[in-house]
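**Q** How does the following fold in three dimensions:
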Amino acid sequence: MTPEEHFAAALEALGFTGDPEMTRTPAAFLGMLSEFKPLPDIPPVTPLPTQSTDPVVLRTMPYHSMCAHHLLPFFGHCAIVYRPAGRIAGFGWFPRLLNHFARRPQLEERLAAQLADAIHDALAPRGVGVWLSARQMCVEMRGARSPGVFEVEAWRGDDAGLRALLYRPGAPLSPG
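**A** Residues are numbered from 1 along each chain as shown. Now for the predicted structure:
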């Protein structure tokens with residue numbers, strides 16, 4: 001059997017039969033799921049030299065992913081802060097990196113850790129922080145059936161001053 005036939009059989013076993021609007025559902029669902037196959041390589045970065053040690057803060061980067069437990073979407077915004085130690089990256093690299101890791105069934109906690117690790121490995125900054133805020137459809141549509149925004153963080157390096165920047169009162173889409 002093809003994957004489409006297997007999925008059609010699973011839908012039938014669950015009682016989803018006789019609905020003419022669902023005849024294309026197996027193919028459509030598998031097509032959507034194939035868009036979330038992990039990509040093999042992290043987007044390349046060409047670090048740029050800098051003498052600056054001033055913090056770099058990126059806010060309100062939108063993202064979406066799919067819960068690894070339930071294959072339901074979660075979506076929200078990402079903020080990244082880092083203090084350079086001789087190297088910076090072009091701003092375009094960060095959303096590409098975010099989309100790279102979000103393009104797979106994922107957990108929000110793991111996504112934050114993967115971003116922090118990749119930035120730390122690529123740029124060797126004094127410190128880096130990643131903050132994610134998301135609506136989780138697996139919480140809203142099933143189980144608790146409760147709307148809400150869930151936040152996770154990942155920190156690498158040693159620069160406590162970065163936390164204050166990320167939590168600056170009045171900053172758009174920051175936790176503070």
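**Q** Show me the longest helix that occurs in this protein.
**A** helix 108-123 (DSSP state H).
**Q** contacting residues around it?
**A** Helix 108-123 is contacted from outside by 42, 45, 47, 65, 74, 78, 80, 82, 84-85, 87-89, 94, 97-98, 101-102, 125, 128-132, 134, 136, 150, 152-157, using C-beta atoms under 8 Å, 6 or more residues apart in numbering. Every residue, glycine included, has its C-beta placed from N, CA and C.
**Q** On the C-terminal side of it, identify the next helix or strand.
**A** Per DSSP states H and E, the first helix or strand lying C-terminal to helix 108-123 is strand 127-136.
**Q** and the helix or strand just after that following strand, which residues are buried?
**A** Per DSSP H and E, strand 127-136 leads on to helix 137-140 as the next helix or strand towards the C-terminus. For helix 137-140, a neighbour-count test (16 or more other C-beta atoms under 10 Å) marks 137-139 as buried.
**Q** packing partners for the helix or strand following helix 137-140?
**A** Per DSSP H and E, the first helix or strand lying C-terminal to helix 137-140 is strand 149-157. Applying 3 or more C-beta pairs under 8 Å, 6 or more residues apart in numbering; DSSP states H and E, one finds that strand 149-157 contacts helix 108-123, strand 127-136.
**Q** Mean confidence (pLDDT) on strand 149-157, please.
**A** Here strand 149-157 scores 92 as its mean pLDDT.
**Q** buried set for that strand?
**A** In strand 149-157, counting by 16+ other C-beta under 10 Å, buried: 152-157.
**Q** Adding distance to A113 as columns, could you present those in JSON lines?
**A** Putting these into JSON lines (distance: C-beta to C-beta, whole Å) gives the following:
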{"residue": "V152", "distance to A113": "9"}
{"residue": "E153", "distance to A113": "10"}
{"residue": "A154", "distance to A113": "5"}
{"residue": "W155", "distance to A113": "10"}
{"residue": "R156", "distance to A113": "9"}
{"residue": "G157", "distance to A113": "14"}
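**Q** Okay, now the unreliable bits of the chain?
**A** By pLDDT under 70, the low-scoring segments of the chain are 167-176.
**Q** Just give me the residue closest to the centre of it.
**A** Geometric centre of the chain, nearest residue: A102, 3.9 Å, by C-alpha atoms, centre = their mean.
**Q** Okay, and the closest residue to that residue other than its chain neighbours sits in which element?
**A** Excluding its sequence neighbours, the residue lying closest to A102 (C-beta to C-beta, 6 or more residues apart in numbering) is S65, at 4.1 Å. S65 is part of strand 56-67, with elements assigned from DSSP H and E.
**Q** Sheet-wise, list the partners of that strand with their directions.
**A** Sheet pairing of strand 56-67 (DSSP bridges) gives strand 73-83 (antiparallel), strand 105-106 (parallel).
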